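In: sequence and predicted structure, then a few things I'm wondering about:
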Amino acid sequence: MTKIQALATALVAFRNCVKSGNTAWRDRWADRIDAIERSLPHGSGLDGDVEIDREWPARKEILVTFDYHHMNGDGFYVGWSRHVMAIYPEFDGISVRIDPHVFAPGIEIDDWERDCLYDYLSELFHANLSEPWSFEPWSFE
């Protein structure tokens, strides 16, 4: 099982538990989502939280929000931008789309730089979510 398959399974189960009021299993599935969330890319500009949106009602996509820490040409951090990534599990892998950016004041980025950033982030998340993943067996103590 790949990480994206495990995440899609856990999100559907979590949302079903929320709808049915099954708090015990909701919490178990939340723990599994937490484990995957902790394994998402971090560092190299992704220095803030990377969060999976558990409440997003769509079943065709998974939303991940994150902040990106930008550097200038001299290697100094100059500000943050907030992004929402839509991940679409598919039969042959995944498709990743990053929604329009919200850049902090003072960050100037041209279309070429934005496209390069989006290519980098898309490839980073694609590789991460395509990794093999297995959950620890349930413990019923």
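Out: Received it, and whenever you're ready, just let me know what you need. Numbers count the residues shown, from 1 in each chain.
In: my guess is S39 meets N128, correct?
Out: Yes: S39 is within contact range of N128, at 7.5 Å (criterion: Cβ atoms under 8 Å). Bear in mind the C-beta positions are built from the backbone N, C-alpha and C, glycine included.
In: need the residues touching each of these two.
Out: Common neighbours of S39 and N128 (criterion: Cβ atoms under 8 Å, 6 or more residues apart in numbering): K3.
In: helix or strand: which one has R26?
Out: Using DSSP states H and E, R26 sits within helix 23-38.
In: for the lengthiest strand in the chain, what is the average pLDDT?
Out: For the chain, the strand with the greatest residue count under DSSP state E is strand 77-90. Strand 77-90 carries an average pLDDT of 83.
In: quick check: buried residues in that strand?
Out: Residues of strand 77-90 classed as buried by neighbour count (16 or more other Cβ atoms under 10 Å): W80, S81, H83, V84, M85, A86, I87, P89.
In: looking at the residues you listed, which is nearest A6?
Out: Set against A6, the nearest of the buried residues of strand 77-90 by Cβ to Cβ is P89 (10.5 Å).
In: can you pull the contacts of the closest one?
Out: When contacts are counted by Cβ under 8 Å, 6+ apart, P89 touches I4, Q5, A8, I62.
In: just give me the neighbour total for the third one.
Out: Residues contacting A8 under the criterion other Cβ atoms under 10 Å number 20.
In: let's verify it: helix, strand, or coil?
Out: Of the three states, A8 takes helix under DSSP: H, G, I helix; E, B strand; the rest coil.
In: in the sheet, which residues pair with the residue lying closest to it once chain neighbours are set aside? Tell me.
Out: In space, and not counting its chain neighbours, A8 is closest to P89: 4.9 Å by Cβ to Cβ, 6 or more residues apart in numbering. Note on P89: beta-bridge partners I94, judged by DSSP bridges.
In: distance of P89 from I98?
Out: Distance of P89 to I98, given as Cβ to Cβ, to the nearest Å: 17 Å.
In: coming back round to it: out of the contacts of P89, who's the most crowded?
Out: Neighbours here mean other Cβ under 10 Å. Within the contacts of P89, the largest count is held by I4, at 24 neighbours.
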